[in-house]
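> give the three-dimensional model of this entry:
(chains A, B, C and D)
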Protein chains: 2
Amino acid sequence: MTIVAAVAEDQLSQVFAALADPVRRDLVARLADGDATVTELSAPYDISLQAVSKHLKVLGAAGLVSRTKEAQRRPVHLEADVFQLATVWLERYRRRAEERYARLDDVLAELTDAPPTDPAPPTTTEKESS
Amino acid sequence: MTIVAAVAEDQLSQVFAALADPVRRDLVARLADGDATVTELSAPYDISLQAVSKHLKVLGAAGLVSRTKEAQRRPVHLEADVFQLATVWLERYRRRAEERYARLDDVLAELTDAPPTDPAPPTTTEKESS
DNA sequence: TCTGTATTCAACCAATCAGTTGTGTAGAGG
DNA sequence: CCTCTACACAACTGATTGGTTGAATACAGA
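All right, here's what the predicted structure looks like:
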């Protein structure tokens, strides 16, 4: 279980890191409309083809794209499944935060609470990070 | 519109980059359960408090957290809204890719199509990146 | 006022990253 | 066979990043 979680953690890092670059997001956006080769993908940018190839390698390492050998060209294919990994993570904590925000007692605590003797009731006591 | 889009693009980059780090994701996970101070947040890690402060700065720049001045401590608060920015982007292209995958003619095209004279109809012709 | 606590700022360092250019390799076509 | 095309690999460079330590700032309490 720990190993699985660690691997997932690592892939999550790679997915987010991959999508942190505007060029790579643009590549993903274009690949969502259909597979394409490196040369086709690199055409719109003024960076070198090798640079785009590197970007695709990053996306590939994150599991966001796959390559298929087809003659001498290697079309890039978007793997939509991996997106859910990130979405699930995001939604999980967004929902948690919003739930907490919705609870009135917590809201009131944030508004009225500021006792120097009792610093922060909600967080310090429990910790259940990863 | 272009400026707005550019800003959004930039924030999206920052959000994804912020979440690409496991420590920062862990911080977010813990902040989802409630606000906390830097000292509290840094406790579980064996890195310095200053390092955690830096991480929070990154999260803050991405708009994922906010700080409120409260005496000499500055509790960190998770901003759940920004999560949707990322989620919307992810879902947009995941859905696009899956729609395309579901259409049978496209699937067939991928299987039977491989004409060297006509490289790739779907992508090269149009571009609507940023 | 002096002290302790909470936090940031600044300078530094090693590692990673995005880009480059140059070279190598695999397959299709003359 | 030779050449073009499509791509990957390797080495280099400048910028960014995650970490450190040391000092500065802000405020609460004795």
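> break down chain A into its helices, ranges please.
A:2-19, A:22-31, A:38-42, A:49-61, A:81-102, A:104-112, A:121-124 (DSSP state H).
> tell me which of those sits nearest to B:Gln84.
With CB to CB as the criterion, B:Gln84 lies closest to helix A:81-102 of these, at 6.9 Å. To be clear about C-beta, it is placed using only N, CA and C from the backbone, and glycine gets the same treatment.
> pLDDT on stretch A:55-75, on average?
Here stretch A:55-75 scores 92 as its mean pLDDT.
> burial measure for the residue nearest to A:Ala86 when sequence neighbours are not counted, as a count.
Excluding the flanking residues, the one nearest A:Ala86 by CB to CB, 6 or more residues apart in numbering or on different chains is A:Val15, at 5.2 Å. Applying other CB atoms under 10 Å in any protein chain shown, we find 24 residues neighbouring A:Val15.
> ok, A:Val15 touching A:Gln84?
No. Applying CB atoms under 8 Å as the test, A:Val15 and A:Gln84 come out as separate, 10.3 Å apart.
> now do stretch A:35-47: distance to the chain's middle.
Centroid separation for stretch A:35-47 versus its chain: 23 Å, with CA atoms, centre = their mean, to the nearest Å.
> over to stretch A:35-49?
A distance of 23 Å separates the centroid of the chain from that of stretch A:35-49, by CA atoms, centre = their mean.
> next one: stretch A:38-58
That offset, for stretch A:38-58, works out to 21 Å (CA atoms, centre = their mean).
> any idea how far B:His77 is from A:Leu59?
Per CB to CB, to the nearest Å, A:Leu59 is found 33 Å from B:His77.
> which one of those two is surrounded by more residues?
Using other CB under 10 Å, the more surrounded residue of A:Leu59 and B:His77 is A:Leu59, with 26 against 17.
> ignoring the adjacent residues along the chain, who's closest to that one?
Nearest residue to A:Leu59 in three dimensions, chain neighbours excluded: A:Val65, at 4.6 Å (CB to CB, 6+ apart).
> residue contacts, the one you found?
By CB atoms under 8 Å, 6 or more residues apart in numbering or on different chains, A:Val65 lies in contact with A:28, A:31, A:56, A:59, A:76-79.
> give me the number of residues near A:Arg92?
Burial of A:Arg92, expressed as a neighbour count using other CB under 10 Å, amounts to 13.
> report the contact partners of the nearest residue in space to A:Ile47 that is not next to it in sequence.
Sequence neighbours aside, A:Val23 is the residue nearest to A:Ile47 in space, at 7.4 Å (criterion: CB to CB, 6+ apart). Contact analysis of A:Val23 by CB under 8 Å, 6+ apart lists A:45, A:47, A:52, A:55.
> one more: A:Val4?
Contacts for A:Val4 (CB under 8 Å, 6+ apart) come out as none.
> list the contacts of A:Val28.
Counting by CB under 8 Å, 6+ apart, the residues that A:Val28 touches are A:19, A:59, A:64-65, A:78, B:93.
> domain map for chain A?
A:2-79, A:83-114 (automatic domain parsing).
> ok, now how distant is the residue nearest to A:Ile47 from A:Arg95?
31 Å.
> likewise A:Asp81?
A:Asp81 is 21 Å from A:Arg95, by CB to CB.
> circling back: burial-wise, tell me which of the helices of chain A comes out on top.
Across the helices of chain A, averaging neighbours per residue (mean count of other CB atoms under 10 Å in any protein chain shown) puts helix A:22-31 on top, at a mean of 21.
> so is it next to DNA strand C?
Yes. Residues of helix A:22-31 contacting DNA strand C under CB under 7 Å from any atom of the strand: A:Val23.
> close to DNA strand D: what parts of chain A are there?
Counting by CB under 7 Å from any atom of the strand, chain A sits next to DNA strand D at A:37-40, A:49-50, A:53, A:56-57, A:67, A:72-75, A:116-117.
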